[in-house]
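S.K.: Structure of the sequence below:
(one chain, ligands or ions: 1)
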Amino acid sequence: MKFHDLTIQEMRQKLRAGDLTSVDLTKACLERIKATDGELNAFITLCEDEALAAAAEADQQIKAGNTGMLTGIPIAVKDIFNTLDVRTTCGSKILDNYISPYDATAVIKLREQGAVIVGKLNMDEFAMGSSNENSAAGAVHNPWDTERVPGGSSGGSAAAVAAGQVVATLGTDTGGSVRQPASHCGVVGLKPTYGRVSRYGVVAFASSLDQVGPLAGNVEDCALMLGVVAGYDPADSTSVDCPVPDYLENLNGGVAGKKIGLPQEYFIDGLDPEIKQAVDAAIETYRQLGAEIVEVSLPHTDYSVACYYLIAMAEASSNLARYDGVRFGLRRDSGEGLTGMYQQTRSAGFGDEVKRRIMLGTYALSSGYYDAYYLKAQKVRTLIRKDFLKAFEQVDLLLTPVAPTPAFKIGEMVDDPLQMYLSDIFTIPTNLAGTCAMSFPCGFSTDGLPIGLQLIGKPFAENEMLQAAYAFEQATDWNKRVPEL
Ligand code: GLN
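M.R.: Reported below is the predicted structural model:
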């Protein structure tokens, strides 16, 4: 039986009606992964036995009438989420043999709602990258064109949904790592407001920017997944104690009378003409749906990429100090003392991009440079945040492209880190501002590559943003196309 074209909501119905068992669904899902992952490499670890046991348990629960939002539904998570008894590599050699003694809060929440976790998804090492080429487990291939990247760093999370390996996944977004791969793979991906979802048990990259976010094949499933993982967690002091609305119940709100702002700084010359065309058409669709479109300005946009890379690298250099060969994962020691052991372990365990960032971040934090770089970047960050808050005094939502180009070829940018960093130009500012944003399909290039549209919402207004995305999805059929595999 073929299940990979069902949505979460369709799976739920069939499971509850007894037309389908979770064991059958999970088996079909595992088969689909095995049939396609030779080509895609989206998974780092498959949890076959654990998944089948969880599925059997879910079938019992369904029979007994105890159903949660995801009971019996196969889901996979980025390999950055700690999972009890299943290894968490974070795409790095240094954590190759690391097994966490606990589940991340987001994983606990998935399990509490009955989800069947089938595996851990490939990613750029420590979530550093925009192409998923920086993974110790090898590159992920884009299901729409396997010679191209799926985007990053949650490349496995996006490719797996696009290829119908699983119906939904979790990723993380520090500077665009949910939205950019969602855009490149033609799926829906959402970065919640900083503080909306607990980061507890998620391997830290840049703690003031990291957020957990869902990816799915349509807006409704993405809303459902957000509802499952969102909420205050006493184990994460940065999670915010504010009510989580019922994202599903409110999905039909539409955009009539809503003001949508187009930040002029995002419609730049370097924008790929096909992306511009798709985004312009989307703007027209929103006009027809009754939204009022206005131009706004986010004047400090130009400084975002530099500001982000300073802050993210500084925080990363501090967060990654813990991988010292003593407490986690890999240790290399040829008997040259403690410092020698640190050096050998970290030299062997980290990939080039991670090393580059640790060095740059350490430099930016060193005495004498702290004020010139890190502190200055923090001040610029405040200006960027104020730009957004000011724009949101005029409009309800902002609309922008997600990435300046569609998915590029594997290998095309590996030798040019600066160019790679620039591919995050439209996603980074919202992480700096802390507000919510999402990507969903709005077209295809002439080469048949998906193009995503970004909506940016007010802090904690995921609800309103999802309504607007849903209205667009109902009015168009971009998310109905699937890649041939
Ligand atoms: N591509 C960006 C980076 O390399 C963002 C990564 C992310 O969001 N985790 O830092």
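S.K.: which residues sit in contact with the spatially most central residue of the chain?
M.R.: Computing the C-alpha centroid of the chain and ranking residues by CA atoms, centre = their mean puts residue 178 first, at 2.1 Å. Listed by CB atoms under 8 Å, 6 or more residues apart in numbering, the contact partners of residue 178 are 154, 157, 171, 172, 189, 190, 191, 213, 214, 215, 439. Yep, even glycine has a C-beta here, placed from its N, CA and C like the rest.
S.K.: just residue 58 next, same as before
M.R.: 22, 71, 72, 114, 116 are the contacts of residue 58 under CB under 8 Å, 6+ apart.
S.K.: Just put the residues you listed in TSV and tack on distance to the ligand.
M.R.: What follows is these, written out as TSV (distance: CB to the nearest ligand atom, whole Å):
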residue	distance to the ligand
22	32
71	30
72	31
114	28
116	26
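S.K.: Among these, which lie within strands?
M.R.: residue 116 (DSSP state E).
S.K.: Let's see stretch 138-158 as CSV, backbone CA atoms only.
M.R.: These are the backbone C-alpha positions of stretch 138-158, laid out as CSV (Å, rounded to 0.1, in the frame of the first residue of the first chain):
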residue,chain,number,x,y,z
GLY,A,138,27.9,13.0,3.7
ALA,A,139,25.9,15.4,1.7
VAL,A,140,22.1,15.2,1.3
HIS,A,141,20.7,15.3,-2.2
ASN,A,142,17.7,17.4,-3.2
PRO,A,143,14.7,15.1,-4.2
TRP,A,144,13.8,17.5,-7.0
ASP,A,145,17.3,17.2,-8.6
THR,A,146,19.7,14.9,-6.9
GLU,A,147,22.7,16.8,-8.2
ARG,A,148,21.6,19.8,-6.1
VAL,A,149,21.8,20.6,-2.4
PRO,A,150,18.6,20.4,-0.3
GLY,A,151,19.6,23.6,1.6
GLY,A,152,20.8,23.5,5.2
SER,A,153,21.4,23.0,7.9
SER,A,154,18.2,21.0,8.3
GLY,A,155,18.7,19.5,4.8
GLY,A,156,17.7,15.9,5.8
SER,A,157,14.5,17.2,7.5
ALA,A,158,13.4,19.0,4.4
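S.K.: Please identify the residues of the chain in proximity to the ligand?
M.R.: Residues of the chain lying close to the ligand by CB under 6 Å from any ligand atom are 127-130, 153, 173-177, 205, 312, 424.
S.K.: Inside helices: which ones of these?
M.R.: Secondary structure defined by DSSP state H assigns residue 312 of those to helices.
S.K.: for the protein, what spans make up the strands?
M.R.: 43-46, 74-78, 116-121, 168-173, 188-191, 211-216, 259-263, 292-296, 397-401, 436-444, 450-457.
S.K.: for the ones you listed, which one ends up most surrounded?
M.R.: strand 188-191 (a mean of 32; mean count of other CB atoms under 10 Å).
S.K.: contacts for it?
M.R.: Contacts for strand 188-191 (CB under 8 Å, 6+ apart): 154, 158, 171, 173, 176, 178-179, 181-183, 211, 213-219, 221-222, 226, 427, 430-431, 436-441, 462, 465-466, 469, 479.
S.K.: Point out where this structure drops to low pLDDT.
M.R.: 1-2 (pLDDT under 70).
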